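Student: got a predicted model here, sequence first, then my questions.
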Amino acid sequence: MQVFVQPSYGTPGARRHWADTLTRSVPFRNTGLTPEDLAALNAEHPSGRARFWGATAKHDKRMDDLITGDIALLTGRKHVLAIGEIGCSFRDPEFARRLWRPEPGKCLWSNVYTFRKYWPVLMPYEEIWALPGFTVGDNFMGLRFL
């Protein structure tokens, strides 16, 4: 199992995306997904709804190794704001654009993943810094696999 930290709440756009696809689950059927991605989503989320998040193309290589059961720590405002267990992971920039509607000319994410379990939390960075291997003052500025 992998654990990764992903900044997720630092900009107005990120906060809007959080509200769109993390605060609540969203429907994914009839959205133009490939048959393979749709089958994987249906198997993991039979309700036809899931919580989604993503990563930019510069993280493609690491995201290729993401598997069901990996854990994401979503951060912002100097806290871990949510912990999620990965459900499905796939690469589909067009689907990402439909989910998060970036401003014209901006490519948002190409890597998309869902959470099969999701827990909102409010854990200050100080609690993370106290763990072995972390540095006091680290503000987790980028996607980082631990």
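Tutor: All right, it came through fine. Numbers count the residues shown, from 1 in each chain.

Student: I'd assumed residue 33 was in contact with residue 41.
Tutor: Yes - Residue 41 lies in contact with residue 33 (CB atoms under 8 Å); the separation is 7.0 Å. In short, each C-beta sits where N, CA and C put it, glycine included.

Student: more neighbours, these two?
Tutor: More crowded of residue 41 and residue 33, by other CB atoms under 10 Å: residue 41, with 23 against 20.

Student: what about that one, which SS state?
Tutor: helix (DSSP: H, G, I helix; E, B strand; the rest coil).

Student: and stretch 119-127, what's buried?
Tutor: Residues residue 125 are the ones in stretch 119-127 that count as buried (16 or more other CB atoms under 10 Å).

Student: what sits up against that stretch?
Tutor: Here stretch 119-127 makes contact (CB atoms under 8 Å, 6 or more residues apart in numbering) with 75, 78, 79, 80, 81, 82, 83, 84, 138, 139, 140.

Student: what about the last one, how many residues nearby?
Tutor: It stands for residue 140. Summarising burial for residue 140: neighbours were counted as other CB under 10 Å, giving 19.

Student: quick one: pLDDT of it?
Tutor: pLDDT, residue 140: 88.
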